[in-house]
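Trainee: from the sequence below, what's the structure:
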Amino acid sequence: MKYILNSREMKQCDSRTIEHYGLPSMVLMERAALSVVSFLHERDLWQKKIVILCGSGNNGGDGLAIARLLYLEGGQVSVFLVGDFSKASPENMAQQKICRQYGMELSSSTDTLADAQVIVDALFGIGLSRELGGDYPALLQEVNAMDAYRLAVDIPSGVSADDGQIMGQAFLADATITFAFAKVGQMLYPGKKYCGELIVSAIGIESCSLADQVLPCKSLEKEDLKQLPQASPDDHKGSRGKVLVIAGSEDMAGAAYLASKSALTSGAGMVKVYTPRCNRDIILTRFPEAILVTYDKWNEKQLLEELAWADAIAIGPGLGKSNLAENLVRTTLENAAVPMVVDADALGILAEHLQWLKKPHTETVITPHLGEMARLMGSPLMYVTDHKLSIAQDFARDYQVICALKDAATIVSVPYATTYINASGCSGMATAGSGDVLTGVIAGLIAQGLRPEDAASLGVYLHGLAGEEAARTEANLCMQAGDIIKGIKTIYQKEGR
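Mentor: Residues are numbered from 1 along each chain as shown. Reported below is the predicted structural model:
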């Protein structure tokens, strides 16, 4: 597991490293520059014609240090100073002086860009908090259009380190070298796209520099798969957990199948599908391992009996928005005594009855995509898209649910605790039924004993890795939700589960 910081948290780390541990700012700057130069060597780029765009702050100071190191190695490097250097930071001024002492020319002319093969962006760094104005948008448009390799120092200029939004215009990097920790804006779209390949470089700022009161975002890594349930020689189907999947409606048997199949594939011992009778033959044919309970009409007594059977409940995939579906959602929320995963049509029903979540309820994971989140919030989709992180955190806290806000980089927010930003997955997962699979995975992990917050974050990560596995054999555009389920099996096999 790794930390992901916003701009404020990163600045606190910088300050604590410098002031408490006594590591000078110029030393950190030199180490940052060395890491960039090492990257240029590794990629055989250092001998090409390199132009470094340097602003007047410490990010520009990093750029000046990079330029000097390359210059002393005999590299073809030019420095293009951009901005008001009468207000340059002390470190930036010191780096300028060092460069000039070595005989380097520092230019303020756009002619410097001519024939550049590599462009290094060291204009703003993580401190930028307003939309770019003046000549910057035109400059960034120009360099983005050039036939050159583009490398960003710490973060592409114009990308918000706090939420990944583009502040008017941004540097479109082929790669970004960031320092100490990844930043939130590098993990969320559209910022993630502008970063290109992301490399996190250690420069001497460690997790011990995080202030005690800081609760940064986190991202899971391969080593976190050790949290997956481990098969035991004395296991039996009852000991591995029971999942009740309340899903499906007429012509929507597929959603019930995918959610229940993925719950069993993720390790649950038994899965029971509660679905309309019209889905009986389809489920039994496609998924004979499932326990099937069907209904023709609303039957509260029957539902309460099934709720009492389960160790975890998944509700919503393919449920529809009928009066019967509304009764299913309301009764489940009011009577469930085990953790729930609420998805799809159940979220659409909740959007019209949010007061149900204000009542006491068992531990609940909701898994909305951006459109469903917009309906839950009663907000425009564009607003939700632009404020994904804060919306997931606020909703989780206000309604005391774990919110897994699905996107290309899914956010899992636990009330008053950690927020996870998922880094696994691929474009092929943008396919019908992918969300139903995720619902089943999370429910299956909960049934096996994982805490709901752990099941949600690990389930999202596992789901993404399974998609990556599927993409090894299937073209992204051809992937189907069933391929993700097969990918889960591959991950478990690799992990010895």
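Trainee: what segments of the stretch 101-250 of the chain are helices?
Mentor: Using DSSP state H, counting those that start in this stretch, the helices of the stretch 101-250 of the chain run over 136-145, 184-187, 191-195.
Trainee: what residue spans form the domains of this protein?
Mentor: Domain ranges of the chain: 2-218, 222-494, per automatic domain parsing.
Trainee: okay, now the sheet partners of the longest strand seen in the chain, with direction.
Mentor: The strand spanning the most residues in the chain, taking DSSP state E as the definition, is strand 270-276. Using DSSP bridges, the strands paired with strand 270-276 in its sheet are strand 242-246 (parallel), strand 291-295 (parallel).
Trainee: what about it, distance to the chain center?
Mentor: Here strand 270-276 is found 31 Å from its chain centre; the criterion is CA atoms, centre = their mean, to the nearest Å.
Trainee: one step back: nearest to Ser86, of the helices of the stretch 101-250 of the chain?
Mentor: helix 136-145 (17.4 Å; CB to CB). From N, CA and C alone the C-beta is placed, and that goes for glycine too.
Trainee: before we move on, the earlier item: would you turn the helices of the stretch 101-250 of the chain into TSV with mean pLDDT and distance to Tyr492?
Mentor: TSV is the format used below for the helices of the stretch 101-250 of the chain (pLDDT from 0 to 100; distance: least, CB to CB, whole Å):
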stretch	mean pLDDT	distance to Tyr492
helix 136-145	97	42
helix 184-187	98	26
helix 191-195	98	28
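Trainee: most packed of those helices?
Mentor: helix 184-187 (a mean of 25; mean count of other CB atoms under 10 Å).
Trainee: what about Glu232, how many residues nearby?
Mentor: Rather than Glu, residue 232 is Ser. 9 (other CB atoms under 10 Å).
Trainee: skip the chain neighbours and tell me the closest residue to it.
Mentor: Nearest non-adjacent residue to Ser232, counting by CB to CB, 6 or more residues apart in numbering: Ser239, 8.0 Å away.
Trainee: could you point out the helix or strand that follows the helix or strand hosting Thr439?
Mentor: Element membership of Thr439, judged by DSSP states H and E, is helix 434-447. As assigned by DSSP H and E, the chain's next helix or strand after helix 434-447 is helix 452-471.
Trainee: so how far is that following helix off the chain centroid?
Mentor: Distance of helix 452-471 from the chain centroid (CA atoms, centre = their mean) equals 11 Å.
Trainee: so for Gln448, which of the helices of the stretch 101-250 of the chain sits nearest?
Mentor: With CB to CB as the criterion, Gln448 lies closest to helix 184-187 of those, at 28.1 Å.
Trainee: beta-bridge partners for Val412, please?
Mentor: Beta-bridge partners of Val412, as defined by DSSP bridges: Ala404, Tyr420.
Trainee: quick one: contacts for it?
Mentor: Contacts here follow CB atoms under 8 Å, 6 or more residues apart in numbering; on that basis Val412 touches 392, 402-405, 419-420, 422, 453, 456-457, 460.
Trainee: Met270: which of those is nearest?
Mentor: For the contacts of Val412, the residue nearest Met270 by CB to CB is Ala456; the value is 21.4 Å.
Trainee: tell me the pLDDT at that closest one?
Mentor: Here, the pLDDT recorded for Ala456 equals 98.
Trainee: now do Cys208
Mentor: 88.
Trainee: for Gln230, which non-adjacent residue is spatially closest?
Mentor: Excluding the flanking residues, the one nearest Gln230 by CB to CB, 6+ apart is Arg497, at 6.3 Å.
Trainee: doesn't Leu228 make contact with that neighbour?
Mentor: Yes. Using CB atoms under 8 Å, Arg497 is in contact with Leu228, at 5.4 Å.
Trainee: in terms of neighbours, single out the busier of those two.
Mentor: Taking other CB under 10 Å, Arg497 and Leu228 do not tie; Leu228 has more neighbours (19 against 14).
Trainee: that one and Glu468: what is the separation?
Mentor: For Leu228, the distance to Glu468 (CB to CB, to the nearest Å) stands at 16 Å.
Trainee: thought Asp311 was touching Gly238, still the case?
Mentor: No. Using CB under 8 Å, Gly238 makes no contact with Asp311, being 9.5 Å away.
Trainee: between the two, which is the more surrounded one?
Mentor: For Gly238 and Asp311, the more surrounded residue by other CB under 10 Å is Asp311, and the numbers stand at 20 against 10.
Trainee: count of neighbours near Glu131?
Mentor: Around Glu131 there are 14 residues (other CB under 10 Å).
Trainee: surely it and Ile166 touch.
Mentor: No. Taking contacts as CB under 8 Å, Glu131 lies outside contact range of Ile166: 9.1 Å.
Trainee: per-residue pLDDT, the nearest residue to Leu69 once chain neighbours are set aside?
Mentor: For Leu69, ignoring the flanking residues on the chain, the nearest one in space by CB to CB, 6+ apart is Val37 at 4.8 Å. pLDDT, Val37: 98.
Trainee: one more: Gly55?
Mentor: Note for Gly55: predicted pLDDT of 97.
Trainee: and for it, nearest residue in space, chain neighbours not counted?
Mentor: Gly55 sits nearest to Leu123 (CB to CB, 6+ apart), 4.1 Å away.
Trainee: phi and psi next, for the one you found.
Mentor: Dihedral pair for Leu123: phi -90, psi -50, per degrees, to the nearest 10.
Trainee: would you mind measuring from it to Asp251?
Mentor: Leu123 is 54 Å from Asp251, where distance means CB to CB.
Trainee: neighbour count winner among the two?
Mentor: Under the criterion of other CB under 10 Å, the comparison of Leu123 against Asp251 puts Leu123 first, with 28 against 10.
Trainee: so the more buried one sits against Cys54, correct?
Mentor: Yes. Here Leu123 reaches Cys54: they are 7.2 Å apart, a contact under CB under 8 Å.
Trainee: can you check which residues contact both of the two?
Mentor: Counting by CB under 8 Å, 6+ apart, the shared contacts of Leu123 and Cys54 are 60, 82.
Trainee: which residues does Asn476 contact?
Mentor: For Asn476, the contact set (CB under 8 Å, 6+ apart) comprises 426-428.
Trainee: now for Phe80: which residues touch it?
Mentor: Shown in contact with Phe80 (CB under 8 Å, 6+ apart): 51-54, 107-110, 112-113.
Trainee: buried among those? Need that as a selection in ChimeraX.
Mentor: For the buried members of the contacts of Phe80, the matching ChimeraX selection, counting by 16 or more other CB atoms under 10 Å, is:
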select :51,52,53,54,112,113
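Trainee: and which of the contacts of Phe80 is nearest to Ile4?
Mentor: Distance to Ile4 across the contacts of Phe80 (CB to CB) is lowest for Leu53, with 25.9 Å.
Trainee: what pLDDT is listed against the residue nearest to Gly55?
Mentor: pLDDT, Leu123: 98.
Trainee: low-confidence stretches in the protein?
Mentor: Scanning the chain for pLDDT under 70 picks out 212-213.
Trainee: in contact with the nearest residue in space to Arg130 that is not next to it in sequence, which residues?
Mentor: Distance criterion CB to CB, 6+ apart; nearest residue to Arg130, sequence neighbours excluded, is Met167 at 6.7 Å. Met167 sits next to 128, 130-132, 158-160 when contact means CB under 8 Å, 6+ apart.
Trainee: tell me which residues touch the nearest residue to Asp135 once chain neighbours are set aside, please.
Mentor: Once flanking residues are discounted, Asp135 sits nearest to Val82: 7.9 Å by CB to CB, 6+ apart. Going by CB under 8 Å, 6+ apart, Val82 touches 53-55, 108, 123, 135-136, 139.
Trainee: thanks again, I'm all set now.
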